[in-house]
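Q: Quick one, fold the following:
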Amino acid sequence: MEHLSHKRKVTIMMAIVAAMFFAAINQTIVSTAMPRIIAILGGMDYYTWVITIYMLTSTISTVLVGKLSDIYGRKPFILGGIVFFIIGAFLTGFSSDIFQLITYRGIQGVGAGIIMASAFTAVGDLFAPRERGKWTGVMMAVFGFSSILGPTLGGFIVDHMDWQWVFWIFLPLGVVAFIMILLMFPKVERKQAESIDYWGSLFLTLTIVPLLLGFSWAGKEYAWGSTQIIGLFAAAAVSLLLFIIVEARVKSPVLPLSLFKNSIVVISNMSGFLMNAGMMGALIYLPFFVQGVEGISPTYSGYVTMPMSISMVIISAMTGRWITVSGKYKRYALLGLPIMIAGMLIMAYMNSVTMAVIAMIVFGLGLGFGMPVFSLTVQNAVSPAELGVATASSQLFRNLGGTIGIAVMGTIMSTSLKSNLESAAASGHAIDMTKLDPAVAGQLKEFANPEMLLNQPKLQELQQTLPEQMQPLLTKMIDMMRDALSSSLTTVFLAGTALLVVALVLVFFLREIPLRSSNSVLEPKLEEKDRNNMKSGNLSSGEVI
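A: Residues are numbered from 1 along each chain as shown. The predicted model follows:
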């Protein structure tokens, strides 16, 4: 599609952006609303599952679609992804308990994974690597804008409307995106010589599912050393071994092992994995600080995260243009990750809404510099024939990082919170219910659950039912739970910081090769040595920052 006119490319990009925005806004709108929805439906213990199932299904669909879209083209998959997403969002609004919510969010995740994998790869089809920088910045800006609008709107909806509208309000946009893709996106003929790797797809799925289930359940449903968790990890390891054997033998593998001989692909994917693990695993719990510790409503909680999105939108758009002009990209990753680390450290020690806003601004700046880089490096390091699977591998590792990060941070969060509450009780700072009048203890017992901190209307309603003489006891109990929650969140954010530090170290080993100005397999101006270096991900001279 590189031969198309610039006007035609821009028109196609409008359709792609519409589809991406539909998926992105439906993901970000739930961030501030989810604590309230969980409090209404119940099931605090399954909070991370609502996020995990979305990431799990989107991860599987992302990597499977990568190779298929290389065979059949991107258009049918973007259309199919939109349909899955619309169905999932529609059904989610009818959830009557946490388990239905989890199931329907899983359907949404399938659609999201298909849309994201196909959209990012389509940009690679349309533009040469040297031009992709500015368009990658534009796509990051779409995510940023959805991050500005989504959380604020989600908080407003649960404060003033039925929570179901969080999932229904943008359904008409999905229909518009479907029509735009259907009319504007060019159709590509199937590559007849390609076969579908069914066995590889099966074993890859059987690797991802038990792996993520193991991380999600460990420390909460079962102990890390339990038979169930060890069994899940063992099943993932066996499936991975079978997957490698299959991929080494099939003609058209779903995820070619040759990709992992390229050092640029490996380091970029590992860096993306760690960055998403630290970012998603920590940021998913920011609303807990704003709403649970500081007592801010979901609507205003969205305003706290807005500065991060604004700074990310501005910087990512500028970074994309700078990469296009200079042809250099490594410097922006080396700049972005330390800024992200600084933002995460501020989160770890924040004690006010003002500090939370500052942390968001700093973290957003780092995201703006670092996020556009790694997909671009992977696409630039492979041939156009491998564009779909290479882009899918990048999305796979990012999604795995986010999913595992959320699961591990959830374990850290719940374990730390339980420990902090037990320590408070042992130190005498907590209220000893056994020494109170049974009637009084019964009234206060309902407030002893940290979930109550996330449902402020119910907390205020119950608080008004207590007699005045019990108000000091209630205040003491709430303060104790907020202190325990705040300390637990500090542990979570420090764990996220550690992961970002490891990602920064890896970036120092990322080799930089020139961004190609064409999508042709080899450019005439490249010498044979440079061609070999691009294939291996190495560069011998002059191109490393």
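Q: Ile331: how many residues sit nearby?
A: Careful, residue 331 is Arg; it's not Ile. Other residues near Arg331 number 15, with proximity taken as other Cβ atoms under 10 Å. To be clear about C-beta, it is placed using only N, CA and C from the backbone, and glycine gets the same treatment.
Q: What helices and strands are in contact with the longest helix anywhere in the chain?
A: Ranked by number of residues, the top helix in the chain under DSSP state H is helix 387-427. On a contact count with 3 or more Cβ pairs under 8 Å, 6 or more residues apart in numbering; DSSP states H and E, helix 387-427 meets helix 47-72, helix 98-126, helix 198-217, helix 263-283, helix 373-380, helix 471-507.
Q: Next secondary structure after the second one?
A: Okay, so that is helix 98-126. helix 129-160 (DSSP states H and E).
Q: Next: the first one.
A: Along the chain past helix 47-72, the next helix or strand (assigned with DSSP H and E) turns out to be helix 75-92.
Q: Quick check: buried residues in that next one?
A: For helix 75-92, a neighbour-count test (16 or more other Cβ atoms under 10 Å) marks 75-82, 84-92 as buried.
Q: C-alpha coordinates for it, CSV please?
A: Provided in CSV are the C-alpha atoms of helix 75-92 (Å, rounded to 0.1, in the frame of the first residue of the first chain):
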residue,chain,number,x,y,z
LYS,A,75,-9.1,-5.1,6.7
PRO,A,76,-11.2,-8.2,7.6
PHE,A,77,-9.5,-8.4,11.0
ILE,A,78,-10.1,-4.7,11.9
LEU,A,79,-13.8,-5.1,11.0
GLY,A,80,-14.0,-8.4,12.9
GLY,A,81,-12.3,-6.8,15.9
ILE,A,82,-14.8,-3.9,16.0
VAL,A,83,-17.7,-6.4,15.9
PHE,A,84,-16.3,-8.4,18.8
PHE,A,85,-15.7,-5.2,20.8
ILE,A,86,-19.3,-3.9,20.2
ILE,A,87,-20.8,-7.2,21.3
GLY,A,88,-18.6,-7.3,24.4
ALA,A,89,-19.4,-3.8,25.4
PHE,A,90,-23.1,-4.2,24.9
LEU,A,91,-23.2,-7.4,27.0
THR,A,92,-21.0,-5.9,29.7
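Q: any idea how far the longest helix of the chain is from the chain center?
A: 11 Å (Cα atoms, centre = their mean, to the nearest Å).
Q: How about stretch 475-487?
A: For stretch 475-487, the distance to the chain centre is 29 Å (Cα atoms, centre = their mean).
Q: same deal with stretch 488-501?
A: Remark: stretch 488-501 is offset 16 Å from the chain centroid, using Cα atoms, centre = their mean.
Q: now stretch 247-260
A: Counting by Cα atoms, centre = their mean, stretch 247-260 comes out at 26 Å from the chain centroid.
Q: quick one, which of the helices and strands packed on helix 387-427 is packed in tightest?
A: Ranked by mean neighbour count, the helices and strands packed on helix 387-427 are led by helix 373-380 with a mean of 27 (mean count of other Cβ atoms under 10 Å).
Q: State the mean pLDDT of it.
A: Computed over helix 373-380, the mean pLDDT rounds to 79.
Q: which strands and helices sit next to that helix?
A: When contacts are defined as 3+ Cβ pairs under 8 Å, 6+ apart, helix 373-380 sits against helix 129-160, helix 263-283, helix 298-326, helix 330-348, helix 387-427.
Q: Any idea which of those helices gets closest to Leu255?
A: Leu255 sits nearest to helix 387-427 of all the helices and strands packed on helix 373-380, at 6.1 Å, using Cβ to Cβ.
Q: For the closest one, give the mean pLDDT please.
A: pLDDT averaged over helix 387-427 gives 78.
Q: just stretch 98-106 next, same as before
A: pLDDT averaged over stretch 98-106 gives 88.
Q: what do you get for stretch 32-41?
A: Mean predicted confidence for stretch 32-41 is 78.
Q: Just the buried residues of that stretch, please?
A: Under 16+ other Cβ under 10 Å, the buried positions of stretch 32-41 are Thr32, Ala33, Met34, Pro35, Arg36, Ile37, Ile38, Ala39, Leu41.
Q: ditto for stretch 325-332
A: Gly327, Tyr329, Lys330, Tyr332.
Q: circling back: with respect to burial, which of the helices and strands packed on helix 373-380 scores highest?
A: The highest mean neighbour count among the helices and strands packed on helix 373-380, using mean count of other Cβ under 10 Å, belongs to helix 263-283: a mean of 25.
Q: and the angle for it with helix 387-427?
A: Put simply, helix 263-283 runs at 30 degrees to helix 387-427, going by axes from the mean of the first three to the mean of the last three Cα atoms, to 10 degrees.
Q: which regions of the stretch 251-400 of the chain sit below the pLDDT cut-off?
A: Counting by pLDDT under 70, the stretch 251-400 of the chain shows low-confidence ranges at 281-282, 298-299, 301-302.
Q: The helices and strands packed on helix 373-380: which one's closest to Phe233?
A: Taking the helices and strands packed on helix 373-380 one by one with Cβ to Cβ, helix 387-427 is closest: 12.0 Å.
Q: quick one on the thing from earlier: reformat the helices and strands packed on helix 373-380 as TSV; add distance to Leu68.
A: As requested, those are exported to TSV (distance: least, Cβ to Cβ, whole Å):
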stretch	distance to Leu68
helix 129-160	21
helix 263-283	20
helix 298-326	28
helix 330-348	30
helix 387-427	8
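Q: wait, Ser486 sits on Val293?
A: Yes: using Cβ atoms under 8 Å, Ser486 is in contact with Val293, at 4.8 Å.
Q: Now Ile267. Nearest residue, chain neighbours left out?
A: Leu510 (4.8 Å; Cβ to Cβ, 6 or more residues apart in numbering).
Q: my read: that neighbour touches Asn269, true?
A: No: contact criterion Cβ under 8 Å: Leu510 and Asn269 do not qualify, at 10.9 Å.
Q: So Trp163 belongs to a helix, correct?
A: No: counting by DSSP: H, G, I helix; E, B strand; the rest coil, Trp163 falls outside a helix, being coil.
Q: pLDDT score assigned to it?
A: With respect to pLDDT, Trp163 scores 83.
Q: separation between it and Ser252?
A: According to Cβ to Cβ, to the nearest Å, Trp163 and Ser252 sit 45 Å apart.
Q: Grab the nearest non-local neighbour of Met371.
A: Met140 (5.6 Å).
Q: Test for you: state the pLDDT assigned to that neighbour.
A: Confidence at Met140, expressed as pLDDT, is 72.
Q: let's have the chain start at 410 instead
A: Sure thing, new numbering starts at 410, so read that last one as Met549.
Q: one step back: neighbour count winner among Trp572 and Ser661?
A: Set side by side, Trp572 and Ser661 show more neighbours around Trp572, with 19 against 16, by other Cβ under 10 Å.
Q: What residues does that one make contact with?
A: By Cβ atoms under 8 Å, 6 or more residues apart in numbering, the contact set of Trp572 is Ala442, Arg445, Ile446, Ile449, Ile566.
Q: List the ones among the residues you listed that fall in helices.
A: Reading helices off those with DSSP H, I get Arg445, Ile446, Ile449, Ile566.
Q: can I get those in TSV with distance to Ala757?
A: Output for these, formatted as TSV (distance: Cβ to Cβ, whole Å):
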residue	distance to Ala757
Arg445	25
Ile446	27
Ile449	30
Ile566	30
